[in-house]
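Student: I'll drop the sequence and a predicted model, then ask my questions.
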Amino acid sequence: MQSKKLGGRTWWNIILFSLVGQLAWNVENMYFNTFLYNEVYTGASQAAVDGTIPAMRAISTMVALSAATAVITTFLMGTLSDRLNKRKVFISVGYILWGVVTAAMGFISREHTAALFHLSDEVKILSVTVWTVIIMDCVMTFMGSTSNDSVFNAWVTDITNPENRQRVETVLAALPVAAMGVVVGVGSFAQAGKIGYDVFFCCLGAFAVFSGVIGLFTLQETKHRPDANGANYWADLFYGFRPSVIKENNRLYLALAALGFFSIAVQVFFPYLLLYIQHAILPASEGIDLVSPGFLIPAVLSVLVLVGGIVLLLRLGGKNKGAALLIATGCFAVGLLALGFAKDLRTVVPAIAPTVIGYAVLMIIFNATVRDFTPESKAGQFQGVRMIFYVLLPMVIGPKLGELAALGSSVHYKDDYGVEQILPTSNMFLYAVAVAVLILVPLVFLVKKGFGVAHSVASDDCRDNES
């Protein structure tokens with residue numbers, strides 16, 4: 001078994017690769033959408049927009065295809081890294097290639113498409129540009145899922161154990177928040193046109209390349225041992241779907257089902273969140289004095305409640321995971337419900353606290369629980385199963401529900417060129433509430449079965465890793 005204490009080099013690699021990976025995923029999940037909406041579609045004629053796939057549908061299609069790519073990649077590459085008993089090369093080289101592809105995204109434009117493919121028809125130019133972005137997003141996802149989703153996550157499972165896992169998951173959950181702050185802070189300049197998307201994507205790509213190069217020197221190969229009972233590579237791909245495996249690891253699949261409903265609820269609104277803030281919340285908040293006591297005091301109180309709530313629930317989770325998860329689910333659903341009726345920053349800010357409390361606690365404890373219940377000798381293979389619940393189903397179902405919410409509201413936005421496009425609305429949060437309630441179905445069964453970790457025989461075969 002692994003040591004309870006993780007060394008400085010291990011923590012450095014956990015933080016570096018998680019932070020850079022989250023920077024890349026945040027940009028892909030949030031700003032590729034605004035890049036399509038604000039850069040690719042904006043400036044095109046009404047005839048070109050009407051003649052190609054609508055922007056909202058293009059976003060949901062891109063998210064769905066990216067999710068499918070992520071899951072297929074994770075199955076193939078996670079299992080391959082198990083079979084080859086290698087992690088380091090997949091992570092380091094994968095991050096380098098991930099950065100190169102991300103940087104290349106910034107150079108996609110209607111003008112470059114027209115010149116490259118010798119096109120003059122506006123509809124064809126816009127259509128080809130849109131699909132180029134979607135395809136390149138899938139290529140980027142392949143690189144990111146290879147290095148981060150499958151192998152880095154398997155590496156984290158390799159070097160942690162149930163005693164230190166929740167602490168690691170807390171750090172891993174905090175880093176996406178930090179990454180989102182950096183991405184939104186810098187990305188807002190790109191979204192507002194202050195800097196070009198090419199500069200934005202190139203800077204991010206450079207970070208990913210840098211981390212991959214550093215990893216070649218700092219990452220230490222884990223000494224996990226592939227299961228000797230594995231028949232072959234292709235049989236191992238479908239190991240997690242065997243009825244006997246599901247029955248033996250039933251608590252893992254209950255945790256994955258609960259994580260899946262949670263992730264679907266998040267994906268109902270997350271791909272459209274920045275567009276909603278940009279085109280709905282901020283215009284409705286123009287008359288609000290953001291430095292007045294009437295706004296600042298509730299905002300500060302919301303932040304204090306947010307931080308205090310997360311800390312208290314995580315402490316409770318250390319003693320009683322079931323209770324913490326049930327309370328966090330309630331907070332998440334109540335927060336989404338409040339966001340569904342919020343119309344400007346004065347009503348949005350107080351609703352953020354319960355939403356983020358629920359989001360953070362559910363993310364941390366669910367991910368730690370999934371790692372606890374994952375057979376240690378097959379960490380890479382089970383990353384693909386995890387991705388079905390965490391990425392594929394959420395990113396196919398969630399954005400489609402968000403699109404239906406937008407289409408049902410029929411709220412349109414007319415850009416500076418006089419072209420009308422449909423906008424996401426607060427209805428998407430109400431759709432998310434309906435999904436969030438379903439978290440309780442598998443969660444109740446999981447709570448009844450308990451969260452105690454039984455150390456498998458396979459775990460005894462794992463060699464000690466760097467402490």
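Tutor: On my side now, so go ahead. Residues are numbered from 1 along each chain as shown.

Student: how about low-confidence regions in the stretch 251-400 of the chain?
Tutor: Across the stretch 251-400 of the chain, the ranges flagged by pLDDT under 70 are 376-381.

Student: let's see it at 80
Tutor: Applying pLDDT under 80 to the stretch 251-400 of the chain flags the ranges 290-291, 375-384.

Student: show me where the stretch 301-450 of the chain has helices.
Tutor: All helices of the stretch 301-450 of the chain, identified by DSSP state H, counting those that start in this stretch, fall at 321-341, 345-373, 379-387, 393-409, 427-437, 440-449.

Student: show me what the first one is packed up against.
Tutor: To tie it back to what came earlier, the one meant is helix 321-341. helix 250-269, helix 293-319, helix 345-373, helix 427-437, helix 440-449 (3 or more CB pairs under 8 Å, 6 or more residues apart in numbering; DSSP states H and E). No exception for glycine: its C-beta is placed from N, CA and C like everyone else's.

Student: ok so, going back, what's the most buried one of the helices of the stretch 301-450 of the chain?
Tutor: Highest mean neighbour count of those: helix 379-387, a mean of 28 (counted as mean count of other CB atoms under 10 Å).

Student: which residue, neighbours along the chain excluded, lies closest to the residue of the chain most remote from its centre?
Tutor: Going by CA atoms, centre = their mean, the residue of the chain most distant from its centre is S120, 37.4 Å out. The shortest distance from S120 to any non-neighbouring residue, by CB to CB, 6 or more residues apart in numbering, is to A114 (7.0 Å).

Student: roughly how far apart are that neighbour and H279?
Tutor: A114 is 28 Å from H279, where distance means CB to CB, to the nearest Å.

Student: likewise for W234?
Tutor: Taking CB to CB, one finds W234 at 48 Å from H279.

Student: tell me which of the two has more neighbours.
Tutor: Each of W234 and H279 has its neighbours counted (other CB atoms under 10 Å); H279 has more, 19 against 8.

Student: flag the shaky bits of the stretch 51-200 of the chain, pLDDT-wise.
Tutor: Looking at the stretch 51-200 of the chain by pLDDT under 80, you get 78-79, 82-83, 149, 161-166, 169-170, 173-195.

Student: go again with 90.
Tutor: Within the stretch 51-200 of the chain, the stretches with pLDDT under 90 are 53-57, 59-60, 63-64, 66-68, 70-87, 105-106, 145, 148-151, 153-200.

Student: and the helices in it, which stretches?
Tutor: Along the stretch 51-200 of the chain, counting by DSSP H, counting those that start in this stretch, helices occupy 55-84, 88-105, 110-117, 122-144, 153-159, 165-191, 197-218.

Student: would you mind finding the most buried of these?
Tutor: Using mean count of other CB under 10 Å, helix 153-159 ranks as the most buried of those, with a mean of 25.

Student: elements contacting that one?
Tutor: Using 3+ CB pairs under 8 Å, 6+ apart: helix 153-159 touches helix 55-84, helix 379-387.

Student: quick one, which of the helices of the stretch 301-450 of the chain gets closest to L97.
Tutor: helix 379-387 (18.7 Å; CB to CB).

Student: so A324 is in contact with V361, correct?
Tutor: Yes: the pair A324 / V361 is scored as a contact, 6.3 Å apart, by CB atoms under 8 Å.

Student: which residues do those two both contact?
Tutor: With contacts defined as CB atoms under 8 Å, 6 or more residues apart in numbering, the residues shared by A324 and V361 are 313-314, 317.

Student: between the residues you listed, which is closest to M180?
Tutor: Nearest to M180 among the shared contacts of A324 and V361: L314, at 19.1 Å, using CB to CB.

Student: appreciated, that's everything.
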